[in-house]
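what's the 3D shape of this:
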Amino acid sequence: GGHAGGGGGGGVEYREWDPAAASLHEYPITCYQPLYFVAESLDDAQGKIAVFGEGLSDRPFSVAYDDAADEILTSRPVLRGPRLEGGGEGGGAQ
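Just a heads-up that it's a prediction; the model follows:
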């Protein structure tokens, strides 16, 4: 099968949604994703990712999405560095 959980041999593992654990987990690029983090609901996922984001003390700014304007807002000007791979836009003030 050509879907995310099929083929490639081996089983798929499901774990409770834990953003900290998910951020540290390495996924092989040569086979289907062997591990999925599953939330109880969208509210559960959003709540856990919000708590995780608040704990990122090395980020000296905060971000929010403005749905009406369809843009990402930051609490202060942020300089975006050049992309390492995949092309796209380079650096510049955002």
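
Strands of this protein, start to end?
13-16, 35-38, 63-66, 71-74, 79-80, 92-93 (DSSP state E).

Please identify the buried residues of the second one?
If I follow you right, that is strand 35-38. Phe37 (16 or more other C-beta atoms under 10 Å). C-betas here are computed from N, CA, C, even on glycine.

Let me see the ranges of the helices in the chain.
19-24, 42-54 (DSSP state H).

what's the closest of these to Leu35?
helix 19-24 (8.7 Å; C-beta to C-beta).

Which neighbouring elements make contact with that closest one?
With contacts taken as 3 or more C-beta pairs under 8 Å, 6 or more residues apart in numbering; DSSP states H and E, helix 19-24 sits against helix 42-54.

How far off centre is the helix it packs on?
12 Å (C-alpha atoms, centre = their mean, to the nearest Å).

elements contacting that helix?
helix 19-24.

any idea of the mean pLDDT in the helix it packs on?
On average, the pLDDT along helix 19-24 is 89.
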